[in-house]
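K.L.:
Quick one, what's the 3D model for this:
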Amino acid sequence: MRDEHDENAALRRQSLLIAIGCVIADGAPFLLKVSQHPPHPALWIAGLAILLADLALALPARTAGPVAVLHAVVRVAAALLLLAVIGDRDSIGNATGLVVAGYRAGAWVPGRRSWAALAALITGMTATQVIQGFDGTAESLLITVSNTVLPWMIGRHTTGRSGYIAEVRRRSEQIHREAEEQRRDADLALTQAVETERAAIARDLHDTISHHVSAVGVHAAAARLGMKSGLPATKDRTVASLEQVETSSRAALGDLRRMLDLLHGNDSDGVRQPGLDGLDDLIDGSRRAGLTVNLTMDDEAPRALPKSLNLAAYRIVQEILTNALRHGDGTLDLTLTHTDTELLIIGSNTTSPLAGATSGTGRGLDGIRHRVGIFGGSVTIGPPPEAPGTWRTGITIPLQESR
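P.N.:
Model (predicted):
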């Protein structure tokens, strides 16, 4: 693909070739006419003027207006000299150069200057016809129009068409750029949506599986210790612990299957997402794992909450239970209350001295913050100043914003 410099050089070469062609087309008839008459200096002056006027057609486009006026003047001057010196009224001169000059004036000269150049060409052509003895008939008018107006109009048309093509190209490029920007925006939006969905799936997997796995770990440890002691009195407790391992494993698989069904677009009642109406089963599982849960909850809470908030509250409580089971000393005080304006979830437990050795990744706490943030709520997590050995999770969610 040629750059702008190469294109300008090509245009200059083309203009020079056109100028040389005009020199040949105008010079040959003039020299033939002069050779038929005795030499006279005035004739060679006219020939030189025609030569220079035709060569001026190779000048840059910005000179098209003055060059057109020059051709009009040379046309009249050549006719006067031929008439005065040899008494010849034939139309010998810069006829070809005049036509090309008219085209250039129409194509390259903008606005009023283009019309002024056309007027100069018409005047020069008309004056030449008068000198040559034309009487203003239809033939002479046709010659004037065909040598001045018609080339000028063709030049105007060519420029208009070139401008239209350039505008079409600009519009096409703009449409292409806009389409490319829209594609990039769509790709970015898709990437962000995928990342958001991936984070949501990770949070749900963490909340769903972590709770059951924690219970499995606690019961498995209890069973291991019971079997290691070998005492007959611990046999029943060992069997109970293994049964809870089995129960928690089945619950984990059930929750995982339900989540996979949802991801595959199956939202039937059989895979309905959990809510606070299933909180008793959730807490019973934690109690069977050895966690003492002191629950205080409004009876109307599950029915009073929107479906999305109901699920979020369930997941938040599930994470509080999991953290208390992992890092607490075996007791959790859990409160769920709501008013007309807000939902309160508070979990408090004494931390175990061994909590630091089994510290988690923090994903569960991040999941709580994210879920609460969706509904415009607030979270306080950590040891309260008045009780350094206690871990407290406090959630406040405005109900008006969540509806």
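K.L.:
How many residues are close by Q14?
P.N.:
Q14 has 11 neighbours, counted by other Cβ atoms under 10 Å. For every residue, glycine as well, the C-beta is placed using N, CA and C.
K.L.:
Spit out the contact partners of it.
P.N.:
Taking Cβ atoms under 8 Å, 6 or more residues apart in numbering as the contact definition, Q14 lies against nothing.
K.L.:
Quickly find the element holding the most centrally placed residue in the chain.
P.N.:
Central residue check for the chain by Cα atoms, centre = their mean: the C-alpha nearest the mean position is that of E181, 2.6 Å away. Here E181, judged by DSSP states H and E, is contained in helix 150-229.
K.L.:
related to what we said a few turns ago, read off the pLDDT value for the residue nearest to the centre of the chain.
P.N.:
Note for E181: predicted pLDDT of 86.
K.L.:
tell me the strands in the stretch 251-400 of the chain, going along the chain?
P.N.:
Along the stretch 251-400 of the chain, the stretches classed as strands by DSSP state E, counting those that start in this stretch are 292-297, 331-338, 342-350, 378-382, 390-398.
K.L.:
Need the winner for burial among these.
P.N.:
Among the strands of the stretch 251-400 of the chain, strand 342-350 has the highest mean neighbour count (mean count of other Cβ atoms under 10 Å), at a mean of 21.
K.L.:
residue ranges with poor pLDDT in the stretch 51-200 of the chain?
P.N.:
Applying pLDDT under 70 to the stretch 51-200 of the chain flags residues 88-92, 135-136, 163, 193-194, 197-198, 200.
K.L.:
switch to 80 and redo it
P.N.:
Scanning the stretch 51-200 of the chain for pLDDT under 80 picks out 82, 84-93, 132-140, 160-167, 186-187, 189-200.
K.L.:
All the helices of the stretch 1-150 of the chain, in order from the start?
P.N.:
Along the stretch 1-150 of the chain, the segments classed as helices by DSSP state H, counting those that start in this stretch run 4-35, 41-55, 64-86, 95-108, 111-131, 138-144, 150-229.
K.L.:
any idea how far R113 lies from G106?
P.N.:
According to Cβ to Cβ, to the nearest Å, R113 stands 11 Å off from G106.
K.L.:
Compare those two and say which is more crowded by neighbours.
P.N.:
Each of R113 and G106 has its neighbours counted (other Cβ under 10 Å); G106 has more, 28 against 14.
K.L.:
In this structure the more buried one contacts L121, no?
P.N.:
No - the pair G106 / L121 is not scored as a contact, 9.9 Å apart, by Cβ atoms under 8 Å.
K.L.:
intersection of neighbour lists for the two?
P.N.:
Here G106 and L121 share the contacting residues W152, scored by Cβ under 8 Å, 6+ apart.
K.L.:
what about the helices of the stretch 1-150 of the chain, which gets the closest to T380?
P.N.:
Nearest to T380, of all the helices of the stretch 1-150 of the chain, is helix 150-229, at 19.6 Å by Cβ to Cβ.
K.L.:
Any regions of the stretch 251-400 of the chain where pLDDT drops low?
P.N.:
Within the stretch 251-400 of the chain, the stretches with pLDDT under 80 are 251-274, 285-286, 288-290, 298-305, 326, 352-364, 387-388, 400.
K.L.:
if you set the cut-off to 70 instead, what comes out?
P.N.:
Along the stretch 251-400 of the chain, segments meeting pLDDT under 70 span 251-252, 254-255, 258-273, 300-304, 353-362, 400.
K.L.:
Could you check how far D280 is from V293?
P.N.:
Per Cβ to Cβ, D280 is found 10 Å from V293.
K.L.:
now do L51
P.N.:
From L51 to V293 the distance is 110 Å (Cβ to Cβ).
K.L.:
ok, now R171?
P.N.:
Using Cβ to Cβ, R171 is found at 69 Å from V293.
K.L.:
and if you look at L276?
P.N.:
14 Å.
K.L.:
And E342, by the same measure?
P.N.:
Look at E342 and V293: by Cβ to Cβ, they are 23 Å apart.
K.L.:
what do you get for L332?
P.N.:
From L332 over to V293 the distance is 5 Å, taken as Cβ to Cβ.
K.L.:
tell me the contacts of L81?
P.N.:
A42, L43, I45, A46.
K.L.:
now A95
P.N.:
Residues near A95 by Cβ under 8 Å, 6+ apart: A25, D26, R75, N147.
K.L.:
which residues touch the closest residue to the first one other than its chain neighbours?
P.N.:
Using Cβ to Cβ, 6 or more residues apart in numbering and skipping the chain neighbours, the partner closest in space to A25 is T96 (3.9 Å). T96 makes contact with G21, C22, A25, D26, D54 under the criterion Cβ under 8 Å, 6+ apart.
K.L.:
Go ahead and confirm the fourth one touches V99.
P.N.:
I take that to be D26. No - D26 lies out of contact with V99 (Cβ under 8 Å); the separation is 10.2 Å.
K.L.:
For A313, which non-adjacent residue is closest in space?
P.N.:
Residue nearest to A313 in three dimensions, not counting chain neighbours: L276, with 5.6 Å by Cβ to Cβ, 6+ apart.
K.L.:
Just confirm that neighbour contacts N310, I think it does.
P.N.:
Yes - using Cβ under 8 Å, L276 is in contact with N310, at 5.6 Å.
K.L.:
Would you reformat the strands of the stretch 251-400 of the chain as TSV and include distance to I368?
P.N.:
Compiled in TSV, these are given as follows (distance: least, Cβ to Cβ, whole Å):
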stretch	distance to I368
strand 292-297	18
strand 331-338	14
strand 342-350	9
strand 378-382	6
strand 390-398	7
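K.L.:
and P110, how many residues sit next to it?
P.N.:
8.
K.L.:
nope, A313 is what I meant
P.N.:
26.
K.L.:
Tell me who's in contact with it.
P.N.:
A313 makes contacts with G275, L276, A301, L305, L336, L343, I345, I397, as judged by Cβ under 8 Å, 6+ apart.
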